[in-house]
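Visitor: model the following, please.
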Amino acid sequence: MALVGRFNSLQVIKAVEFGLYLDGGADGEILLPNKYVPKGTPVEIDDWLNVFVYLDSEDRLLATTIKPKAQVGQFASLKVVQVNAIGVFLDWGLPKDLLLPFSEEKHPAVVGDYVVVYVFLDQRTRRITASARIDRYLDKAPANYTPGQAVDLLVTGTSDLGFNAIVEHRHWGLIHKNEAFKFLRKGSREQGYIREVRGDGKISLSLQPPGAASSSGLHQRILERLAEAGGTLMVCDKSDPQLIADLFGVSKGNFKKAIGSLYKEGHLVILEDRIEKR
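Guide: Have a look, this model is predicted:
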């Protein structure tokens, strides 16, 4: 049986004028229309293809090689493209929009809004459905992350302390204000790092790798940028934090530490408005 709402590795069993039929096991044959058949290397009978399986507008199983913005079991920020008597419809990257039923809304949505949702499979209908009631789908089990671990983040909004984010499609985490050195918005996906998993289960996040790994990598990037720019960069310890974030993807504090260290090691000089290679 194919996993609806997820990518599956399925075997080609028949070629027809309008596409390929794939072996869906207990679900029978699943059509991969011609427009989604991989181009380039010819596809033969018995080949295996990695395809996303979903229901078309007539509730028939269909395969595609298009990657949606979220699979079943994942969270995403999706744009509202239609609201009608049935519910709210979201653009998730496939021809058939994703339904957010009114019963799964947290707040009324209008066309043009972006809504953070969880994608799940309705067990009765096998239809892929969205829910904005995301708390109920987050893992309540204790988090098993280690400090410094790289994680995928989905920013869901602001709080008094900083920015709330979903960690690895599983847990709530918080990016504290002093860690938010770059522009963040609701719905943005970020590479983050675990700062701490507290005794009460709360997770503190950083947008920068911690400790020495961060420093050495930043040192190298600064020296490479200097070399590329002919030995002079119009940025220094007095520069705007956003400029530093745009150039190096780090906070102003970490940048100042890095150029201070490079200065002591004799690699560069720090001037009023720039740094220069020594």
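
Visitor: and stretch 98-117, C-alpha only, in CSV?
Guide: In CSV, the C-alpha atoms belonging to stretch 98-117 read as follows (Å, rounded to 0.1, in the frame of the first residue of the first chain):
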residue,chain,number,x,y,z
LEU,A,98,-4.6,21.8,0.2
LEU,A,99,-7.8,22.0,2.2
LEU,A,100,-7.8,23.6,5.7
PRO,A,101,-11.3,22.9,7.1
PHE,A,102,-13.0,25.6,9.1
SER,A,103,-13.0,23.2,12.0
GLU,A,104,-9.2,23.2,11.9
GLU,A,105,-8.7,27.0,11.7
LYS,A,106,-7.3,28.8,14.7
HIS,A,107,-8.2,32.3,13.4
PRO,A,108,-10.4,33.2,10.3
ALA,A,109,-8.2,33.4,7.2
VAL,A,110,-8.6,35.5,4.1
VAL,A,111,-7.0,35.2,0.6
GLY,A,112,-3.4,36.3,0.7
ASP,A,113,-2.8,35.3,4.3
TYR,A,114,0.0,32.9,5.2
VAL,A,115,-1.0,30.2,7.8
VAL,A,116,1.3,27.9,9.7
VAL,A,117,-0.3,24.4,9.4
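
Visitor: look up the pLDDT of residue 213 for me, please.
Guide: The score at residue 213 is 53. That number is its pLDDT.

Visitor: longest helix of this protein?
Guide: helix 211-228 (DSSP state H).

Visitor: what distance separates that helix from the centre of its chain?
Guide: Relative to the chain's own centre, helix 211-228 is displaced by 25 Å; criterion: CA atoms, centre = their mean, to the nearest Å.

Visitor: list the neighbours of that helix that are in contact with it.
Guide: 148, 208-209, 232-233, 247-248, 250, 254-255, 257-259, 261-262, 267-268, 275-277 (CB atoms under 8 Å, 6 or more residues apart in numbering). To be clear about C-beta, it is placed using only N, CA and C from the backbone, and glycine gets the same treatment.
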